[in-house]
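Novice: I would like to see how this sequence folds:
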Amino acid sequence: MKKRSSILAVTLALALSGAAQAKDLFKQSDIEAALNAAYDNYKGLQEGKNADYIPALAKVDSKIYGIVLVTADGKVYTKGDVTTEVSIQSISKVFTMAKVIEESGADSILNNQGVDATGQAFNSIVAIEQNKGAEMNAMVNPGAIAATSMVKGETYDEIWGKISGFYSDFAGRPLKVLNDVYQSEAESNQRNQAIGRLMYAYGKIKSNPDRATDIYTRQCSVGVNAKDLAMMAGTLANGGKNPLTGKQVVKTENVPEILAVMATAGLYDDSGKWLYRTGLPAKSGVGGGIIAVSPGKFGIAVISPPLDGAGNSVRAQKAIADISNALGGNPLASHPLK
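Specialist: Below is the predicted model of the structure:
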C-alpha cells in the first residue's frame with residue numbers, strides 16, 4: 001500500500017512539473033471578466049462563519065473579500081479588498097516546508113514526517129499515535145510543527161529570521177507578525193504544545209519541541225493581504241522565481257514536490273474533493289485565505305474569513321474554482337493530440 005501511495009505521489013509530482021513547462025497566454029479581458037464574475041457571484045454569499053477557537057480570529061471582519069491573480073509573467077489582477085491584512089495561519093505551512101526542502105532536500109520531509117494524507121483532522125493526536133509520528137503530512141499540524149523544527153539555526157531568532165525572510169521574499173515585501181493574533185494563539189495553543197511534545201517523543205522533532213511550537217505559532221500569525229498571498233502562489237507558479245522582483249526564492253527543481261504535498265492535503269479533510277473539482281494544488285488557512293497554483297500559468301489568492309465545516313473559506317473555494325475553470329487553469333486537464 002505504501003509503495004502504491006509513493007508511486008501515485010511521484011506520478012502527480014511529475015504531472016505538475018510537466019504542466020509547468022508550458023505557459024498559456026491570457027487575454028487581459030478574459031482574466032478581468034473571470035475575476036469580476038466570481039466577485040459579483042459570491043459577494044452576497046452568507047454561508048460559513050469565522051474561526052473562533054482562536055479568539056482573535058472571531059473578531060476579524062467577516063465582510064473582507066478580495067481576489068488577486070498573478071500570472072507567471074508578472075501581471076497582477078485584483079478585485080475587491082486586496083489591502084486588508086489577515087493572519088496567514090496554515091498557508092504558512094507551505095512555505096516553511098519549502099524552506100526545509102531548500103535547506104535539506106525533498107527527502108528530508110519525505111523521510112521524517114511523510115507526505116501522505118493522514119485521513120484524520122488537521123490537529124489529530126490519534127493520527128500521531130496510530131503511526132508513531134510518521135505519515136504526518138506537513139500540511140497538518142504535527143507535520144508542520146516538525147517541519148518548523150527542521151529549519152536550520154542555533155537560536156530562536158536565527159530560525160525565525162530565516163522563516164520570516166523567506167516568506168517576505170515570496171510575497172515581494174517585508175511581512176510582519178500580527179501581535180494580537182500571536183498573543184491570542186500563544187495563550188490558547190495547548191493542543192499544539194501537546195502535539196509538539198508527542199512528535200518529539202517519537203523522534204520526529206529532534207530537540208526543543210516547545211520552541212518549535214512557539215515559532216510555528218508565530219509563523220501562523222504573520223499578516224498578509226490578498227496580493228501578498230497571490231504573489232506567493234505566483235512565485236510557485238513561476239518555478240520558484242518571484243514574477244515581480246525576479247528573485248529565485250526556491251529552486252525550480254523543488255517546486256513539484258511542494259505542489260504535490262499541497263495537492264495531497266492542502267484543504268484539510270476536503271483536499272480530495274478540491275483536487276477532483278479543480279486539479280489545483282492549494283492551501284487554505286483558518287484566517288480566511290486560500291492560495292492555489294496553476295503551474296506555469298498563474299497563482300491566485302482569495303481572502304474571505306467565513307469558513308465551512310472543514311475550515312476552508314467558502315467564498316474563496318467557489319471564486320477560485322470559477323476563475324480557474326474560466327481560464328483553463330486545471331493542470332491535470334489535457335486534450336487529444338490531432
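
Novice: from here on, contacts and neighbour counts on C-alpha atoms
Specialist: Noted.

Novice: Could you give the number of residues near the residue nearest to residue 55 when sequence neighbours are not counted?
Specialist: Excluding its sequence neighbours, the residue lying closest to residue 55 (Cα to Cα, 6 or more residues apart in numbering) is residue 184, at 6.3 Å. Counted with other Cα atoms under 10 Å, the neighbours of residue 184 add up to 17.

Novice: Just checking, which helix or strand of the chain averages the lowest pLDDT?
Specialist: helix 2-19 (a mean of 44; mean pLDDT, DSSP states H and E).

Novice: any idea which element the residue nearest to residue 55 lies in?
Specialist: Assigned by DSSP states H and E, residue 184 falls within helix 179-186.

Novice: helices or strands next to that helix in the packing?
Specialist: Applying 3 or more Cα pairs under 8 Å, 6 or more residues apart in numbering; DSSP states H and E, one finds that helix 179-186 contacts helix 55-58, helix 209-220.

Novice: Deepest in the core, which of those is it.
Specialist: helix 209-220 (a mean of 23; mean count of other Cα atoms under 10 Å).

Novice: Between the two ends of stretch 277-291, how far is it?
Specialist: 15 Å (Cα to Cα, to the nearest Å).

Novice: Next, the buried residues of it.
Specialist: For stretch 277-291, a neighbour-count test (16 or more other Cα atoms under 10 Å) marks 278-291 as buried.

Novice: quick one: which two of these are the most distant?
Specialist: Within those, 279 and 287 form the most distant pair, 23.1 Å apart (Cα to Cα).

Novice: Cross-reference the buried residues of stretch 277-291 with the strands and report the matches.
Specialist: Counted as lying in strands by DSSP state E, out of the buried residues of stretch 277-291, are 282-284, 289-291.

Novice: from those residues, which is closest to residue 139?
Specialist: residue 283 (8.2 Å).

Novice: Please list all residues in contact with the closest residue to residue 332 other than its chain neighbours.
Specialist: Spatial nearest neighbour of residue 332, chain neighbours left out: residue 279 (5.7 Å); criterion: Cα to Cα, 6+ apart. Residue 279 makes contacts with 330-333, as judged by Cα atoms under 8 Å, 6 or more residues apart in numbering.

Novice: With residue 315 instead?
Specialist: Taking Cα under 8 Å, 6+ apart as the criterion, residue 315 is in contact with 42-43, 45, 304, 306.

Novice: for residue 270, same thing?
Specialist: Residue 270 neighbours (Cα under 8 Å, 6+ apart): residue 310.

Novice: That one and residue 47, how far apart?
Specialist: The value you get for residue 270 to residue 47, if Cα to Cα is used, is 17 Å.
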